[in-house]
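Novice: build me a structure from this.
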Amino acid sequence: MPDAAAETPTDRPSSDPPPGRPRAGRSRLAAFARRLVRHRIPVLLATLVVAAVAVPFAGGVTGRLSSGGFTDPAAQSAEAEEFLADRFGTGVPNLVLLARAPGSVDDPAAADAGRKLTGQVARMPGVLSAGSYWTTPDATPLKARDGRSALVLVRLGGGEDEVRATAERLVPRFTGRQGVLRVSATGSAQVAVEIQRHSEEDLLQAEAFAAPVVLLILLLVFGSVVAAALPLLVGLLAVLGTFLVLRVLTTVTSVSVFATNIITALGFGLAIDYSLFIVTRYREELARGRGTTEAVTESVRTAGRTMLFSALTVALSLTALLVFPLYFLRSLACASVAVVALAALAALVVLPAALALLGPRIDALDIRPPLRRLVPRTAQRDRNRDSGEESGFWHRLATRVMRRPVLYGAAVVAVLVVLGLPFGRASFGLADDRVLPADAAAHRTAQQLREQFASRESAALSVVLPAVDATRSAQRIDAYAAHLSGLPDVARVDTATSSYERGRRIASAGPASTRFTAPGATWLSVVPSVEPYSAAGTKLVQRLRTADRAPGAVLVGGEAAQLVDTRDALASRTPEAALIIGGTTLLLLLLFTGSLLIPVKAVLLNLLSLTATFGAMVYVFQEGHLRWLVGDFTVTGMVTITIPVLMFCVAFGLSMDYEVFLISRIKEVYAETGDNTRAVAVGLERTGRLVTAAAALVAVVMIALATSGITFLKLLGVGLALAVLIDATLVRGILVPAVMRLAGRANWWAPASLHRLHARLEPPPGDRLRAATNSTPGTSRSW
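Specialist: Numbers count the residues shown, from 1 in each chain. Have a look, this model is predicted:
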């Protein structure tokens, strides 16, 4: 039975509009939209069924996610760690227990409890090795300066997920009161456990923060409860579908636990963006006198086409993350591309079907009449907007900028350059305990280690000699160890036979030194005197890898080595990622606009605005300025190295999202008038309020991500929110009008071959596009 809404005069299902009403354009998207209108009920029912089936499968995805993926598995540091585990059954400690005694750790009761604790931990499944102050000969560095605390160093075996699972099992059992000792835990394994727990809690907190604020903004934008609810529903569908995709991905590859936080923010942001533009266009078409069928068709043909180009641009920007060997980035690429595709699918299929069902009831539960009675000026603004006046704030701003484009453009460029200057001082590190809140157990314990112990025992570097026999080459190994101990920032070097400090032998090893030997191989433990992720720590890795007197081939592992290798892996693949992002963006915008200059302008302005964003992030998160604006976090003097890469790909795609919507409206007006200046002003007026609202919505969702207690999620959220706001205001509001005014008709120049290709992709909607400049036949055309 046909829906009752289809029978009203303003909502007739026929593809022919009533007499006197405009006809929607004809294209494949228009034909697709008409089919959606005819089959709106089956489409919506199928959506409900799929959502109902997806809920139980998507709900269990968080328990299948991994907390690592920040390092290159093919790097030298990873090879060293794997060799140690396979050949020696040991490695750099990844779980550290800090035992605090009521008096001295050498008291008989404390010593007995310490030896018992060490033995129990060593016998647990998943533990490769465990040693402590009480069980290791000459272990003075494992005792705190005040003599009341000592360390138990544990190496857990297996991959990152296995290590985390073992730590989850061991830490509750062996922390707290252990005899006379009070024990707490830290180390990379426990940090991973607490990061995963905090990320799950932060996701719920972010959703609770974002949902009501987003709904309020949508109500202010649309003035209707029904219209405001549709983008939220589309966002929910996109995120739910992506959780289902994540569940499938976890069966074939490791997926980062942070995928849930990031895709929730990105999915809601993009789905709301896309829905906002389509719903707005639909309401415009209704106001012009179209029936429901024609309004949906024209909305999909125009805003839907723009949305497809936008989604494709965002998705291709995110695919650049796949070139990096870190599964943190690769899994986020897969998840993010999936959420972009599902957001576009929901906005292009489910949303038009819902609009067709609602018809003119899209404005049901209108909250504007009470506001008009309370605020008369609001009523006048609504009447102006509804009557299609094109002389509002954004029109006036664009006109003012285009009167003095050099002055305004240079001023904004100067501001963005100043904001970007701190990025030249950027220093990069990997996530450690300090990304957790200051009151997190692993962070507190690690901070006690920094303050109470002279050396960084838990951050020791492993120097592996995979083809050197410890017995046959003992003298050469000792000479090499003595040489390494004399290098800057080395506190001590331990070998199978001795320990060395500052080039001198300080002790002979006891029976426990057999952990350094295996048939035909040996390794040395180099304890640094500096933070592993500091500049001094990375320089030490370079010194160890290039040091002479080595008795054979050398592999260097450990936290500082992982940072060096990760940095090199990212740097070596960044040109390839940049080529993917820049090349695909230029190509898509060429096809979308039919212009050569506009795509180049878009890419350059994006790079400028993102540089400003990165500079601001260094100023706040690396150097610690204005912390009160973003919430408390620990300043480490560095930025987590993977976040700028992720932020660049996501922010570049989001910025192009707004570029596509703005240029589409400018191009519409230019096609009608041939007047570049008027097209820019009218295009900005038609999209300014909408793009600002969309940017505000995305910024709110990203700021919700910034409520996380994990520093690099906070950095990502604040950075993306700032990038979106800069792009939607300074870039779209001032730089784009200034540059397009200076370029004039050159904005629309294209070779004839490109024009013909573009014309096939976008046939004119009805009126013939007018040439705005003369061109030589057969060579080029401007339109």
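
Novice: all helices for the stretch 451-600 of the chain, in order.
Specialist: For the stretch 451-600 of the chain, the helices defined by DSSP state H, counting those that start in this stretch occupy 474-485, 535-546, 559-593, 597-617.

Novice: would you mind finding the most buried of these?
Specialist: With neighbours defined by mean count of other Cβ atoms under 10 Å, none of the helices of the stretch 451-600 of the chain is more surrounded on average than helix 597-617, at a mean of 21. (Each C-beta comes from the backbone N, C-alpha and C, glycine too.)

Novice: so what does that helix touch, helix or strand wise?
Specialist: Here helix 597-617 touches helix 405-420, helix 559-593, helix 642-673, helix 711-726, helix 736-743, going by 3 or more Cβ pairs under 8 Å, 6 or more residues apart in numbering; DSSP states H and E.

Novice: what about 7 Å?
Specialist: Packing partners of helix 597-617 (3 or more Cβ pairs under 7 Å, 6 or more residues apart in numbering; DSSP states H and E): helix 405-420, helix 559-593, helix 642-673, helix 711-726.

Novice: which intervals of the stretch 301-450 of the chain have sub-threshold pLDDT?
Specialist: Counting by pLDDT under 70, the stretch 301-450 of the chain has low-confidence residues at 368-391.

Novice: and the helices and strands packed on helix 597-617, which one's lowest on average pLDDT?
Specialist: Among the helices and strands packed on helix 597-617, helix 642-673 has the lowest mean pLDDT, at a mean of 88.

Novice: ok, back up a step: next, format the helices and strands packed on helix 597-617 as a markdown table and append distance to Ala354.
Specialist: Output for these, formatted as a markdown table (distance: least, Cβ to Cβ, whole Å):
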| stretch | distance to Ala354 |
| --- | --- |
| helix 405-420 | 40 |
| helix 559-593 | 27 |
| helix 642-673 | 21 |
| helix 711-726 | 26 |
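
Novice: let me have the helices of the stretch 451-600 of the chain in TSV, adding distance to Ala679 as columns.
Specialist: Formatted as TSV, these follow (distance: least, Cβ to Cβ, whole Å):
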stretch	distance to Ala679
helix 474-485	68
helix 535-546	51
helix 559-593	12
helix 597-617	12
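
Novice: just so I know, which of those lies nearest Val37?
Specialist: Among the helices of the stretch 451-600 of the chain, the nearest to Val37 by Cβ to Cβ is helix 559-593 (25.8 Å).

Novice: what about that closest one, distance to the chain center?
Specialist: With Cα atoms, centre = their mean, to the nearest Å as the basis, helix 559-593 stands 14 Å off its chain's centre.

Novice: packing partners of it?
Specialist: If contacts are counted by 3+ Cβ pairs under 7 Å, 6+ apart, helix 559-593 sits against helix 76-83, helix 305-319, helix 535-546, helix 597-617, helix 642-673, helix 752-761.

Novice: closest to Gly91 out of the helices of the stretch 451-600 of the chain?
Specialist: Per Cβ to Cβ, nearest to Gly91 of the helices of the stretch 451-600 of the chain: helix 559-593, 11.8 Å.

Novice: could you give the angle of that closest one to helix 535-546?
Specialist: Angle of helix 559-593 versus helix 535-546, following axes from the mean of the first three to the mean of the last three Cα atoms, to 10 degrees, is 100 degrees.

Novice: the inter-axis angle of helix 559-593 versus helix 305-319?
Specialist: Going by the same axes, to 10 degrees, helix 559-593 makes 160 degrees with helix 305-319.

Novice: what's the residue closest to the geometric middle of the protein?
Specialist: Centroid-nearest residue in the chain, with Cα atoms, centre = their mean: Leu646, separated by 4.6 Å.

Novice: I appreciate the help and will end here.
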